[in-house]
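**Q** Quick one: sequence and predicted model below, then my questions.
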Amino acid sequence: MIVLSKSSTGLFVVIEGIDGCGKTTISKRIVEKLDNMGYKTIYTFEPYTSPFSEALKRYIEEYGEAEVEIEILSMALDRFFHVRRVIEPFLNQGYIVICDRYVYSSIAYQGAKNGDIKWIKTVNRYAIKPDIAIYLRVPLEVALERLKYKQSSWSYFEKLDRLRRALEIYEELVLRGELIAVDAVADIDSVAMKCFKLIIDRIVRQK
């Protein structure tokens, strides 16, 4: 297996975008490509399967809606659990961690519900910064068409108005240089290769 550096510190990669952009498929393709090259690689995701995300699901099931503050805090707790229990341990072992969603999703989706973005960043201040964060850019209509064929345990977040505003926030994050945009309208293999090249370039710079 390939270790990224003499210090054995791994690489933290985040794949972001609105529902229907292809994050999960692209993330898993990248993991497969890196595995085939001999890199120690792991796929993970958010919301993670923590007690906190499960509690949010139960809350939504019971009340039909969650206040944005509850969403923000639940996701922040879930992320803290994820960072401490999964992401950091694997990075410390020299793995490339490919994460399907991260703190940018909280900014986009809870921000789309008029959540205070400054507060979202404050309660997520422990969230380690990724080495590279990629935004899969697709028009809203393309994402909605793809969602017709997708089963999701978090469909609560896939309402049209919320997706539209989340997309706008993601684009603002790109403009501020927090995310690298990749056109994700093309076929899966082409999109995966674009993302893969960005990651390989980052690996080369780290060595």
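**A** In hand now; what should we look at?
**Q** C-alpha only now, for contacts and for neighbours.
**A** Will do.
**Q** Which parts of this structure are helices?
**A** Using DSSP state H, the helices of the chain run over residues 23-36, 51-63, 68-82, 88-92, 103-111, 117-123, 140-147, 160-175, 188-206.
**Q** where does the first one sit relative to the chain's centre, distance-wise?
**A** It stands for helix 23-36. Centre-to-centre, helix 23-36 and its host chain are 14 Å apart (CA atoms, centre = their mean, to the nearest Å).
**Q** in the helix or strand bottoming out on mean pLDDT in the chain, what's buried?
**A** Sorted by mean pLDDT, DSSP states H and E, the helices and strands of the chain end with helix 140-147, the least confident at a mean of 90. Neighbour counts over helix 140-147 (16 or more other CA atoms under 10 Å) mark L140, A143, L144, L147 as buried.
**Q** got the residues you listed as TSV, with distance to L163 columns?
**A** Below are the buried residues of helix 140-147 laid out as TSV (distance: CA to CA, whole Å):
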residue	distance to L163
L140	8
A143	9
L144	9
L147	12
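**Q** Low-confidence regions, the protein specifically.
**A** Within the chain, the stretches with pLDDT under 70 are 1-8, 151-154, 207.
**Q** at 50 instead, please
**A** Across the chain, the ranges flagged by pLDDT under 50 are 3, 5-7.
**Q** Nothing else from me, thank you.
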